[in-house]
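J.: missing the sequence, but the structure's below:
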């Protein structure tokens, strides 16, 4: 009995021990499970936090990117608008330049140039840009008008002189004759008339051959203003409207008219006939050729001297201009002075008067016009420089915007790279966590 009891006790004790061990092992397993659960919960919390942080970062990055994209779009719109404005300005400036070039290339008529030369000084550069031949052609026409006015005046005066001369010949002048280029007056002494009805002072000497004596006669009529010197082979005229004297050789003039000889009575008969018109035509042609050459040379000389003054003025005004352009402008600047000279000649046809400082006024008026044109050109040059500076500023702003856009693109690329690197790191961390989870589960098994 006792042995059975002991065996039962031992068996009970073994069962209790086994139950205890099972209980302890169950306890350990439950504790391990709790720990794993805690670890899993912690890992889930960490993952959730990381996901939240990543989502927040992504949201922030997206918001920033959207803001940057919106800002870039705004800047691009503004830059496009500026570029469009700049293009419009450039197109307008090109169109204006083309129009101005077309206007410059257009050949204005003579009277249009005449009007612009007096009234619109700002047109001088455009007219000068048409070239030297156009300027010479213009001044030639203007000088021709001056010569025509002078010649008409001379013809009118010649007609009056002939009428007065005929009366004088009939009543007071001695007999004379002409043959084979030589004029002979029946007078042993020179005839000097201080106030002749023909032309101011008249000196008639068909005997002398002394050139010194002839020069004295010329000096006398030049001092009187108007005069005529009648010699045996030629006649010398001095008119207040013309610089210097005019020489007519009898042989050259009368041979053209097919006149070989005549007497005093022949001259009176001829003057009263219709053939006198031939003399008027001859006087007009001869005077026109002489006056045109003299006035053209004088005008070109004045233009050269004034253009040198104008070229120096461009240096003072700090404008780079070719001498030819300044010379062309000088020709147009002489317009008013030449017109004043034409009026002066025209008035002198009917009223004999002298303006003492007319030549000074002639040069001064042209100089004023030329200087005014140069300074107007300087003002236009400054305006063009300001326009070019504005264009340069716009180009600099556009350049800065392009550089900024380039920098923004580089920053976006950096951000994308950083984002990719973050994703890679997150994946690596997830892989490590998965491995760490698998290891305790394997040891537990």
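T.: Arrived safely. Just so you know, these numbers come straight off a predicted model, no measurement behind them.
J.: check for me that residue 173 belongs to a helix.
T.: No: counting by DSSP: H, G, I helix; E, B strand; the rest coil, residue 173 is not part of a helix but coil.
J.: name the nearest residue to it, sequence neighbours excluded.
T.: residue 264 (7.5 Å; C-beta to C-beta, 6 or more residues apart in numbering). (Each C-beta comes from the backbone N, C-alpha and C, glycine too.)
J.: list the buried residues in stretch 337-344.
T.: 337-339, 341-342, 344 (16 or more other C-beta atoms under 10 Å).
J.: and which of those is nearest residue 415?
T.: Proximity of the buried residues of stretch 337-344 to residue 415 was ranked by C-beta to C-beta; the top entry is residue 337 with 77.4 Å.
J.: my guess is that closest one contacts residue 368, does it?
T.: No: between residue 337 and residue 368 there is no contact under C-beta atoms under 8 Å: 9.9 Å.
J.: picking that back up, show me which of the buried residues of stretch 337-344 is closest to residue 357.
T.: The closest of the buried residues of stretch 337-344, once distances to residue 357 are taken by C-beta to C-beta, is residue 344, at 12.3 Å.
J.: element containing the closest one?
T.: helix 335-350 (DSSP states H and E).
J.: by contact count, what packs against that helix?
T.: Applying 3 or more C-beta pairs under 8 Å, 6 or more residues apart in numbering; DSSP states H and E, one finds that helix 335-350 contacts helix 110-119, helix 132-171, helix 358-444.
J.: from memory residue 323 sits against residue 310, does it?
T.: No: the pair residue 323 / residue 310 is not scored as a contact, 9.1 Å apart, by C-beta under 8 Å.
J.: the two: which has the busier surroundings?
T.: Neighbour count, other C-beta atoms under 10 Å: between residue 323 and residue 310, residue 310 has more, with 24 against 12.
J.: now residue 352: how far from residue 224?
T.: Counting by C-beta to C-beta, to the nearest Å, the gap from residue 352 to residue 224 is 11 Å.
J.: please apply the same query to residue 314.
T.: Distance of residue 314 to residue 224, given as C-beta to C-beta: 44 Å.
J.: of these two, which one has the most company?
T.: More crowded of residue 314 and residue 224, by other C-beta under 10 Å: residue 314, with 19 against 14.
J.: which residues touch residue 317?
T.: Applying C-beta atoms under 8 Å, 6 or more residues apart in numbering, we find residue 317 in contact with 374-375, 378.
J.: right, I mislabeled it, should have said residue 309
T.: 367, 370.
J.: that one falls within a helix, correct?
T.: Yes: counting by three-state DSSP, residue 309 is found in a helix.
J.: show the pLDDT at it.
T.: Listed pLDDT for residue 309 reads 91.
J.: now do it against residue 173, distance only.
T.: From residue 309 to residue 173 the distance is 52 Å (C-beta to C-beta).
J.: who touches the helix holding residue 344?
T.: Residues from elsewhere that reach helix 335-350 (C-beta under 8 Å, 6+ apart): 114, 117-118, 142-143, 145-146, 149-150, 152-153, 156-157, 240-241, 299, 353, 355, 358, 361-363, 365-366, 369.
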